[in-house]
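>>> Sequence and predicted structure below; questions after.
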Amino acid sequence: MQISKLTAEEKLNLLVDFGMKVSNEIKLDALLDVVATQITKILNVGRCIIFLKDSETKELWSKIAQGKGVEQTEIRVPLNGKSEIALAANTGEIVNITNAYEDPRFYMGVDMVTDYRTKNLVAAPLKNNTGKVMGVFQVSNKNDGTPFDKKDEGILMLLSAMAAGAIEIARLYEDIHVSQLETIYRLAVTAEYRDQQDTRSHLKNISIISYLLALALGLDQKDAELIKNASPLHDIGKVALADNILLKPAKLTDTEYETMKSHTMYGGRILEGAHSKVLQAAHKISLCHHEKWDGTGYPNRLKGEQIPLEARIVSVADVFDALCMDRVYKAAWTPDEAFRHILEQSGKAFDPNVVEAFKIIFPSVRKIYRTKRPVTSTMAHHTLYNAVPLKEKN
Ligand SMILES: [Fe+2]
Ligand SMILES: [Fe+2]
């Protein structure tokens, strides 16, 4: 299929199809993949590379590359260097090169690292709706061997304009998503700063374990990611606890322990009424991660499926990782010992289904612990798991 040989109706159909495909995708990577596939198809070219501007490094880098030799290679081209890619980005004009190796504007570096011979190419700027250049589309070597003509240039500029809006929206979504996750993580770290028991590695581990558990339980990728991202906030309520309880270098009295338990209620209050899905999941987790399947947990003595699934998942991950950590009052358990404890607590502290899922993921979990040294707490601390019969080791 060659665009110049298509009828006007066929061209229109291709463009409508392109517009629909790009507007249906909000994830940037997937969107650029669709754009590159469609451009390769419509212009019938051997290679299509989408370069995005990296303002920090002042480079253009190949976010998506399709074609021989480029798919696994990240290509970086300096914005202030001599290349047709930088030229298109800096001038905002399309660059059409009909005989690459004879043209001084052509940058051979990409061919050299990808073992490819460019015959002809077009580099088209990718502009947002204010005209600012966000990147460059580069297509090369038409499959029919002819150089790119004015019609090809026009089509590429049109596709570029259609894709630019979708790319900008996808980037905004990505920015919002990343900043939301970062805020959540920083919030969790805030709670961790006051409570040396919950180290960053603990937050990371329960996040990974909760994610694997959710997938093993059959939750879809989106819901599993929600739990993964919300789980670090499980103890956010600890920010509301007084230092004399949170930092007490000795065993808590019964009254103090009752106060300590209230971190679940505080967590619930802090996150109550959240609008975002991830904070709604975090609300359930922070409020219910100490509830037990048999109804003996706290704060509300919920039982079985009254406990939100998110919290049933995170409670297994949280206890498992806490057992595997060194504390001043106990040495770290081995992952196998902690695993046995989880199995023993099936139907008591933990949802039997979650424990079954834990059996499935345990080989992967064990690998995480094999590669790292146990975390040593420098502060004397009580444990929130003193309901768990912690074994003393020599
Ligand atoms: Fe907790
Ligand atoms: Fe924890």
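Structure's in. What do you need? Please read these numbers as outputs of a predicted model, since none were measured by experiment. Residues are numbered from 1 along each chain as shown. Ligands and ions are numbered 1, 2, ... in the order given.
>>> Check which helix or strand the residue in the chain that ligand 2 sits nearest to maps to.
Going by Cβ to the ion, ligand 2 is nearest to residue 318 of the chain, at 4.4 Å. Placement of C-beta: from N, CA and C, glycine included. Using DSSP states H and E, residue 318 maps to helix 309-323.
>>> Any regions of this structure where pLDDT drops low?
1-6, 69-71, 196-198, 328-329, 371-394 (pLDDT under 70).
>>> So in it, which helix runs the longest?
In the chain, taking DSSP state H as the definition, the longest helix is helix 150-194.
>>> How far does that helix sit from its chain's centre?
Mean C-alpha position of helix 150-194 versus that of the full chain (Cα atoms, centre = their mean, to the nearest Å) differs by 12 Å.
>>> after it, next one along is what?
Following helix 150-194 in sequence, per DSSP H and E, is helix 200-216.
>>> sec struct for the residue nearest to residue 269 when sequence neighbours are not counted, please.
Spatial nearest neighbour of residue 269, chain neighbours left out: residue 237 (7.7 Å); criterion: Cβ to Cβ, 6 or more residues apart in numbering. Following DSSP: H, G, I helix; E, B strand; the rest coil, residue 237 is assigned to helix.
>>> on contacts alone, who are the packing partners of the helix holding residue 318?
helix 200-216, helix 221-230, helix 277-288, helix 335-344, helix 352-370 (3 or more Cβ pairs under 8 Å, 6 or more residues apart in numbering; DSSP states H and E).
>>> Could you check the third one and say which residues are buried?
Put plainly, it is helix 277-288. Across helix 277-288, burial judged by 16 or more other Cβ atoms under 10 Å covers 278, 279, 280, 281, 282, 283, 284, 285, 286, 287, 288.
>>> tilt between the helix holding residue 318 and helix 221-230?
50 degrees (axes from the mean of the first three to the mean of the last three Cα atoms, to 10 degrees).
>>> Export helix 309-323 to CSV, keeping only CA atoms.
Output of helix 309-323 as CSV, limited to C-alpha atoms (Å, rounded to 0.1, in the frame of the first residue of the first chain):
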residue,chain,number,x,y,z
LEU,A,309,-10.0,-7.3,50.4
GLU,A,310,-7.4,-4.6,50.0
ALA,A,311,-6.8,-4.7,53.8
ARG,A,312,-6.8,-8.5,53.9
ILE,A,313,-4.1,-8.5,51.3
VAL,A,314,-1.9,-5.8,52.9
SER,A,315,-2.2,-7.4,56.4
VAL,A,316,-0.4,-10.6,55.1
ALA,A,317,2.3,-8.5,53.3
ASP,A,318,2.7,-6.3,56.4
VAL,A,319,3.1,-9.1,58.9
PHE,A,320,5.3,-11.1,56.7
ASP,A,321,7.8,-8.3,56.1
ALA,A,322,7.7,-7.2,59.8
LEU,A,323,8.6,-10.7,60.8
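>>> on that earlier part again, burial count for the residue nearest to residue 269?
The local packing of residue 237 (other Cβ atoms under 10 Å) involves 24 other residues.
>>> does it really touch residue 260, like I thought?
No: using Cβ atoms under 8 Å as the test, residue 237 is too far from residue 260 to be in contact (10.2 Å).
>>> just to revisit the earlier point, give me the distance between the helix holding residue 318 and the centre of its chain.
21 Å.
>>> Measure how it sits relative to helix 277-288, angle-wise.
Using the same axes, to 10 degrees: helix 309-323 against helix 277-288 is 60 degrees.
>>> how much does helix 309-323 deviate in direction from helix 200-216?
140 degrees.
>>> Next, the buried residues of helix 309-323.
309-323.
>>> and the residue nearest to residue 103 when sequence neighbours are not counted, how far is that from residue 110?
Spatial nearest neighbour of residue 103, excluding adjacent residues (Cβ to Cβ, 6+ apart): residue 97 at 4.8 Å. Note on residue 97: its distance to residue 110, by Cβ to Cβ, to the nearest Å, is 13 Å.
>>> where does residue 50 land in three-state SS?
strand.
>>> Cross-check the contact I'm expecting between it and residue 38.
No: using Cβ under 8 Å, residue 50 is not in contact with residue 38, being 11.5 Å away.
>>> Just want to know which of those two has more residues nearby.
residue 50 (25 against 21).
>>> What about the closest residue to the more buried one other than its chain neighbours, how many residues nearby?
Excluding the flanking residues, the one nearest residue 50 by Cβ to Cβ, 6+ apart is residue 64, at 4.6 Å. Number of residues near residue 64 (other Cβ under 10 Å) recorded here: 22.
>>> Flag every buried residue along the helix or strand hosting residue 64.
Using DSSP H and E, residue 64 sits within strand 59-67. Within strand 59-67, the residues scored as buried using 16+ other Cβ under 10 Å are 59, 60, 62, 63, 64, 65, 66, 67.
>>> quick one, what contacts the last one?
Neighbour list for residue 67: 40, 45, 46, 47, 48, 49, 116, 140 [criterion: Cβ atoms under 8 Å, 6 or more residues apart in numbering].
>>> 6 Å - rerun?
46, 47 (Cβ atoms under 6 Å, 6 or more residues apart in numbering).
>>> Next, find the distance separating it from residue 13.
According to Cβ to Cβ, residue 67 and residue 13 sit 24 Å apart.
>>> For stretch 335-351, list the C-alpha coordinates in PDB.
Taking C-alpha atoms only, stretch 335-351 is exported to PDB below (Å, rounded to 0.1, in the frame of the first residue of the first chain):
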ATOM      1  CA  PRO A 335      11.500 -15.900  55.000                       C
ATOM      2  CA  ASP A 336      10.700 -19.600  55.500                       C
ATOM      3  CA  GLU A 337       9.900 -19.200  59.200                       C
ATOM      4  CA  ALA A 338       7.700 -16.100  58.400                       C
ATOM      5  CA  PHE A 339       6.000 -18.100  55.600                       C
ATOM      6  CA  ARG A 340       5.200 -20.900  58.100                       C
ATOM      7  CA  HIS A 341       3.700 -18.400  60.400                       C
ATOM      8  CA  ILE A 342       1.500 -17.000  57.600                       C
ATOM      9  CA  LEU A 343       0.300 -20.500  56.800                       C
ATOM     10  CA  GLU A 344      -0.500 -21.200  60.500                       C
ATOM     11  CA  GLN A 345      -2.600 -18.100  60.700                       C
ATOM     12  CA  SER A 346      -4.800 -19.000  57.700                       C
ATOM     13  CA  GLY A 347      -8.400 -18.700  58.800                       C
ATOM     14  CA  LYS A 348      -7.300 -17.000  62.100                       C
ATOM     15  CA  ALA A 349      -5.500 -13.700  61.400                       C
ATOM     16  CA  PHE A 350      -5.600 -14.100  57.600                       C
ATOM     17  CA  ASP A 351      -8.100 -14.700  54.800                       C
END
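>>> Lovely, talk soon.
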